[in-house]
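Q: starting from these lines, generate the structure:
(one chain, ligands or ions: 1)
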Amino acid sequence: MDVLVIGAGACGLTTGICLAEAGLSVTIRAAAPPERTTSVAAGAVWGAVRVGPPERVLGWARTGLEVLSKLATEPATGVRMASGKEVSRTPLEPHYWTSLLPSLRPCGQSELPDGFADGWHYTAPVATMPVYLNYLRQRFEQAGGTLEVAAVRSLADLDGLAPVVVNCSGVGARDLVPDPEVVPIRGQVVITANPGIEEFYVNRDEEPPWIVYMFPHGDTVLLGGTNEEGAWDEEAKPYIAERIVAQCAAVDPRLHGVAILGHRVGLRPYRPEVRLESEPLGGGVLWHNYGHGGAGISLSWGCAGEIAAGILGP
Ligand SMILES: Cc1cc2nc3c(=O)[nH]c(=O)nc-3n(C[C@H](O)[C@H](O)[C@H](O)COP(=O)(O)OP(=O)(O)OC[C@H]3O[C@@H](n4cnc5c(N)ncnc54)[C@H](O)[C@@H]3O)c2cc1C
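A: Purely as a prediction, here's the structure:
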């Protein structure tokens, strides 16, 4: 084995793919398989919220936009280009990273819900995460990679197992590294039947821990949501689900009485700055790739590419 990757979320799988497709022998070891990670709960639109530092995020986001836009041309990947808007009751500045989106434009008054003052409309890649994670897993295995489900108790135990270890353990890094700067931001979402919603919607007027958003995924819609800092509970809570549906139905009345198909909870691995750097591990090298907050789907290809370049050299 040339490389052992810890974690099978978006960051671990993309890192595994970049290294395996470059010809290295790669094993991913993960406590939970892709379909039980934080990644599966994501919305998931390209963007860079709750993540830093901006000067590195912008480069990773640019790569993510390029790669995901290409994947959107292949329906089997679960990624497609989607249009939608972010709105606010008060004047709204677009996020700095939206400068990468050629389609960004201010919303016209007729596009804003009642009571809203400002908004931005754009087109960006959106991933249906269960399908996308399955695509990533298959692509990794087709490149010769092996995925094993087992927890890593200590990084020191891995010394000698492979010359390179890459730590993509998401919120698990808090205990594994250990790194107290990693904090979970719990997000709960509801999956419903799609009553005809075609564009995504994000209300930027957050009332912590609540944030109202919806992402259509063909026959289903993902409704959100929450941002609960420091909460570790991975069980969906019925009172939160009810409030999410009610809040979204207040924006789009077609959601009143809609069939509820499922619930997902994910722990966003928040850290003031993504940790992407290497350090010695016994006689080998340990790369860290965690702390992607609310943007791990979007930044994963950029981070994976940077690590692959670091391991493979120029
Ligand atoms: C509700 C919600 C909406 C979101 N929306 C978006 C969005 O629209 N766009 C976007 O880009 N991002 C979004 N995110 C954020 C995104 O989901 C995360 O940033 C991303 O999933 C982090 O990926 P990861 O691979 O680092 O971690 P994870 O997906 O959590 O994967 C971590 C992996 O590490 C493994 N692991 C942990 N500890 C150990 C250990 N000790 N031993 C072995 N394995 C271990 C886990 O089992 C798992 O396999 C959203 C998140 C949530 C919750």
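Q: so where do the helices sit in the stretch 101-250 of the chain?
A: The residue ranges that make up the helices of the stretch 101-250 of the chain, judged by DSSP state H, counting those that start in this stretch, are 129-142, 173-176, 238-251.
Q: among these, which comes closest to the ligand?
A: helix 173-176 (4.4 Å; Cβ to the nearest ligand atom). In this view, the C-beta of every residue, glycine as well, is placed from N, C-alpha and C.
Q: which residues touch whichever residue of the stretch 51-200 of the chain sits closest to the ligand?
A: Nearest to the ligand in the stretch 51-200 of the chain, going by Cβ to the nearest ligand atom, is residue 172, at a distance of 2.2 Å. Residues near residue 172 by Cβ atoms under 8 Å, 6 or more residues apart in numbering: 7, 31.
Q: could you dump the helices of the stretch 101-250 of the chain into a markdown table and include distance to residue 23 and mean neighbour count?
A: As requested, those are exported to a markdown table (distance: least, Cβ to Cβ, whole Å; neighbours: other Cβ atoms under 10 Å):
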| stretch | distance to residue 23 | mean neighbour count |
| --- | --- | --- |
| helix 129-142 | 14 | 19 |
| helix 173-176 | 28 | 20 |
| helix 238-251 | 45 | 16 |
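Q: a markdown table please, covering the ones you listed and showing mean pLDDT and distance to residue 60.
A: Written out in a markdown table, the entries for the helices of the stretch 101-250 of the chain read as follows (pLDDT from 0 to 100; distance: least, Cβ to Cβ, whole Å):
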| stretch | mean pLDDT | distance to residue 60 |
| --- | --- | --- |
| helix 129-142 | 98 | 17 |
| helix 173-176 | 98 | 18 |
| helix 238-251 | 97 | 29 |
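Q: could you find the closest non-adjacent residue to residue 131?
A: Residue nearest to residue 131 in three dimensions, not counting chain neighbours: residue 78, with 2.9 Å by Cβ to Cβ, 6 or more residues apart in numbering.
Q: I figured that neighbour hits residue 128, correct?
A: Yes. Counting by Cβ atoms under 8 Å, residue 78 touches residue 128, with 4.4 Å between them.
Q: let me know how buried residue 291 is, in neighbour terms.
A: 26 (other Cβ atoms under 10 Å).
Q: model confidence over stretch 191-208, on average?
A: Stretch 191-208 shows a mean pLDDT of 96 in the predicted model.
Q: swap that for stretch 145-159, sorry
A: The average of the pLDDT scores along stretch 145-159 is 96.
Q: now the end-to-end length of it.
A: The first and final residues of stretch 145-159 sit 20 Å from each other (Cα to Cα, to the nearest Å).
Q: cool, stretch 28-40 as well?
A: With Cα to Cα applied, stretch 28-40 spans 17 Å between its terminal residues.
Q: what's next to that stretch, contact-wise?
A: For stretch 28-40, with Cβ under 8 Å, 6+ apart as the criterion, the contacting residues are 4-13, 16, 129-130, 133-134, 136-137, 140, 145-152, 170-172, 264, 266-269, 296-297.
Q: please work out the average pLDDT along that stretch.
A: Stretch 28-40 comes out with an average pLDDT of 98.
Q: how about stretch 287-303?
A: Averaging the model's pLDDT scores along stretch 287-303 yields 98.
Q: from the chain's centroid, how far away is it?
A: For stretch 287-303, the separation from the chain centroid amounts to 8 Å (computed by Cα atoms, centre = their mean, to the nearest Å).
Q: return it as CSV; C-alpha atoms alone will do.
A: Once side chains and other backbone atoms are set aside, the C-alpha atoms of stretch 287-303 remain, and they are given as CSV (Å, rounded to 0.1, in the frame of the first residue of the first chain):
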residue,chain,number,x,y,z
TRP,A,287,-1.2,14.8,5.5
HIS,A,288,-4.2,16.5,7.1
ASN,A,289,-7.3,17.4,5.1
TYR,A,290,-10.1,18.3,7.4
GLY,A,291,-12.1,21.3,8.7
HIS,A,292,-14.2,22.1,5.6
GLY,A,293,-17.2,23.4,7.5
GLY,A,294,-20.1,24.0,5.3
ALA,A,295,-18.2,23.7,2.1
GLY,A,296,-16.5,20.2,1.9
ILE,A,297,-18.4,19.1,-1.2
SER,A,298,-17.3,22.2,-3.1
LEU,A,299,-13.7,22.4,-1.9
SER,A,300,-12.9,18.6,-1.9
TRP,A,301,-11.4,18.4,-5.5
GLY,A,302,-9.2,21.5,-4.9
CYS,A,303,-7.9,20.1,-1.6
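Q: could you list the buried residues of it?
A: 287-303 (16 or more other Cβ atoms under 10 Å).
Q: cool, stretch 153-173 as well?
A: For stretch 153-173, the neighbour count (16+ other Cβ under 10 Å) marks 155, 158, 162, 164-173 as buried.
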